[in-house]
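> following is a predicted model, sequence given first.
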Number of protein chains: 2
Amino acid sequence: MKHLNIGLFGFGTVGQGLYDVLKRIDSDNVHIKRICVRDIHKRRSVDADFTDNPDDVFCDKDINLIVELIDDAEAAYDIVKRALKSRIPVVSGNKKMLGHHLIELIDLQEQYNTALLYDASACGSIPVIRNLEEYYDNDLLCSVKGILNGSSNFILSKIFNEHMSYNDALKLAQDLGFAESNPTLDIDGWDSLFKLIIVTMHAFGVYVAPDEIFTYGISTMNDSDIRFAREKERRIKLVAHVEKVDDKLFMCVIPQLISRNKYIYSVEDEFNGVVIKGLFYDKQFMFGRGAGGHPTGSAVLSDITACAYNYRYEYKKRNDSVLPTYTNDHRFRIYFRYKTAEQRDLLTFHQIREQYTSDEYNYIVGDVSLANLKACQEALRTPECFVAAYPFD
Amino acid sequence: MKHLNIGLFGFGTVGQGLYDVLKRIDSDNVHIKRICVRDIHKRRSVDADFTDNPDDVFCDKDINLIVELIDDAEAAYDIVKRALKSRIPVVSGNKKMLGHHLIELIDLQEQYNTALLYDASACGSIPVIRNLEEYYDNDLLCSVKGILNGSSNFILSKIFNEHMSYNDALKLAQDLGFAESNPTLDIDGWDSLFKLIIVTMHAFGVYVAPDEIFTYGISTMNDSDIRFAREKERRIKLVAHVEKVDDKLFMCVIPQLISRNKYIYSVEDEFNGVVIKGLFYDKQFMFGRGAGGHPTGSAVLSDITACAYNYRYEYKKRNDSVLPTYTNDHRFRIYFRYKTAEQRDLLTFHQIREQYTSDEYNYIVGDVSLANLKACQEALRTPECFVAAYPFD
């Protein structure tokens, strides 16, 4: 095992979590040498070598691993690129940055023969990326589906189990350090989307850009929707989903009405849960803490340890002779709440299965295509509308 | 990826499962060249090159991977040793053989610089060994606990959920191909024990011999025990458990009264479920099919694919400067049904919490030590007695 001197960027919830974890295990081999933060004048609870100049990290010859745990995706991108080009291995937790720049970062890893690890970026403490990379054979893999965002799941749990209001639940999630500083990332599904893009690369060897994928969150969900779910004995969960059908692949992030007999029905609070479906082993389920400083810090430590053993993602599945092509040509049943006739006409229902109208709101249960949803994604993102997948069980 | 010509030993449920899986994925790189079976005259459902002479496999220069999926642990041991000494990588599914000979087989791998992989041997399709080996840092790992035997779990599910009789449930498990040909291995906890020994090596770097570990199954469980569990709103599950406390490690295989709020309460039928507990990430839960030809066959394929990429277990944790030492000095609460005063006196209760006597049977709920249980393990294995852990929740 290599001795690692870490240059750490960012000292928020996860950065501090990593610091605590490292302090607790007191390893001889892993040591944070310098911490680069945006605001050098902010009072810190720990006694460490802080700087606000990235050069103090990159030009320190002792530092042989960069760990990047900052919020700002563009700044994270610059740090990761600079690290790879300087041939310093780098661990990143920034899923937004990875979701946008994965292909370029894979190429840079190859070009400079330097590792970028990011298991901690998706699903916190659940080792989903490394398992998809190492264990699940592509030919046998059918789908990966799960709750990938701890913060929105925490909010949904508080609403469904404790009848808390949306705003109180969001506030609590933020106070507990589960939510991103910009909550839109969590509650509108973007965080899940970026994780789904990363997961898909390791599951199926395919990169799909964020703007190709239907992404819809829980921010417009209201009491009518919650009541509808309760009447049907289901819970609403924000689900990220990638599935291979023959030689095609579709992906989406969408709230789902989940019935009690599904694994992810019981994934509560800030936990994440992933269901991996294969041709021969049926379903597997992995479950663990998806947010919070210490769980994510310990996931970052696993990436760090892997670096110490010179582990690299091999992206084997990218080299398969035939890769599935991306499509939004997939139909499924949804619940759609709307107010106006214009909103109603946004969606073309191939089959209508249930319909309700009133002075206050209206809803339709019926089958639509992902392409249709994608085409009016932004128009649906209004308090007057809410869309949730409503699978047959 | 290397091209693999497999010499397969054994063509039972799992061997045939592997054959089906390989046929279905139709890989250019993986090919079963010859199958060595005990009975060459038995009619086979597939058209393959069968032999009953191991030399036909070992002396075939084309064969560059041995896959051993036979029942007989001693014969499996000979095959695996011969493969390693011939420097042919080998995949094994025989947990009994591994549980007894793990140390020697680790040494042989090193001596002959040849891989032995056996992820499929524990937990069927759940990649628990490779995760413990690669992902979970030893310093952070507290315990691994779970349902590792699909067959006994299937029986318990049928009894608890469908009020089936013990014998009917066992028969059904055997008919469905979940049970070992010798059911004692499953229902008396031995299969779970061997898997626990393998898991412990990869979780904590320590080998503990089978005869040091308290092992107790469900074969003496009767209707009184089932009634007791139901009254307490718990289910009985056969649980394998390893836990590190400071610098000590204890292990056991024991039926447990599990309450509804535990992850493994909901692991039903032939499924396995493993809870991995760490200092910082709290608990993680992995769940999947633990028995059956196709799920296990697909797990064997994962080992084969790993071989194709020259993967080897590194047994990193064995090299830690300080390894925990094994102890049975651990107290916990149990439920103990017995008939005679002599049986009663087998166990020394440090605290008695509940007591029941009648003409038909008696029970005590109280705290005993693992060492005490271990000392009278065989005496407790009578229809007149039953022991189950009864944890506080």
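Thanks, I have it.
> end-to-end on stretch A:211-227?
Here the two ends of stretch A:211-227 are set 32 Å apart, with distance taken as CA to CA, to the nearest Å.
> in that stretch, which residues are buried?
A:213-221, A:224-226 (16 or more other CB atoms under 10 Å in any protein chain shown). Glycine gets a C-beta too; all of them are placed from N, C-alpha and C.
> so of those residues, which ones are in strands?
Among the buried residues of stretch A:211-227, the ones falling in strands (DSSP state E) are A:214-215.
> quick one: the helices in the stretch 51-200 of chain A?
For the stretch 51-200 of chain A, the helices defined by DSSP state H, counting those that start in this stretch occupy A:54-58, A:73-85, A:95-111, A:128-134, A:150-162, A:166-175, A:184-187, A:190-204.
> could I have the second one exported to CSV, CA atoms only?
As requested, the backbone C-alpha atoms of helix A:73-85 are provided in CSV (Å, rounded to 0.1, in the frame of the first residue of the first chain):
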residue,chain,number,x,y,z
ALA,A,73,-19.1,21.9,-10.5
GLU,A,74,-17.1,24.1,-12.8
ALA,A,75,-14.4,24.6,-10.1
ALA,A,76,-14.4,20.9,-9.5
TYR,A,77,-13.9,20.3,-13.2
ASP,A,78,-10.9,22.5,-13.3
ILE,A,79,-9.3,20.8,-10.3
VAL,A,80,-9.9,17.3,-11.6
LYS,A,81,-8.5,18.1,-15.1
ARG,A,82,-5.5,19.8,-13.6
ALA,A,83,-4.9,16.8,-11.3
LEU,A,84,-5.1,14.3,-14.2
LYS,A,85,-2.9,16.5,-16.4
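> can you tell me which helices and strands that helix packs against?
Packing contacts for helix A:73-85, counted by 3 or more CB pairs under 8 Å, 6 or more residues apart in numbering or on different chains; DSSP states H and E, involve helix A:54-58, strand A:65-68, strand A:90-92, helix A:95-111, strand A:116-117.
> nearest to chain B, of those?
Evaluated over these, closeness to chain B peaks at strand A:116-117, with 11.7 Å, by CB to the nearest CB.
> quick one: mean pLDDT over that closest one.
Taken as a whole, strand A:116-117 has an average pLDDT of 97.
> give me the contacts around that strand.
By CB atoms under 8 Å, 6 or more residues apart in numbering or on different chains, the residues outside strand A:116-117 that reach it are A:80, A:83-84, A:89-92, A:105, A:108-109, A:303, A:306-307, A:311-313.
> and the residues you listed, which two are the farthest apart?
In the contacts of strand A:116-117, the most distant members under the criterion CB to CB are A:108 and A:306, with 18.4 Å between them.
> if you count what's nearby, which of those two comes out ahead?
The residue with more neighbours, out of residue A:108 and residue A:306, is residue A:306; 21 against 17, by other CB atoms under 10 Å in any protein chain shown.
> that one - that's part of a helix, no?
Yes. Residue A:306 sits within a helix when classified using DSSP: H, G, I helix; E, B strand; the rest coil.
> so it touches residue B:134, yeah?
Yes. Assessed by CB atoms under 8 Å, residue A:306 is found in contact with residue B:134 at 7.4 Å.
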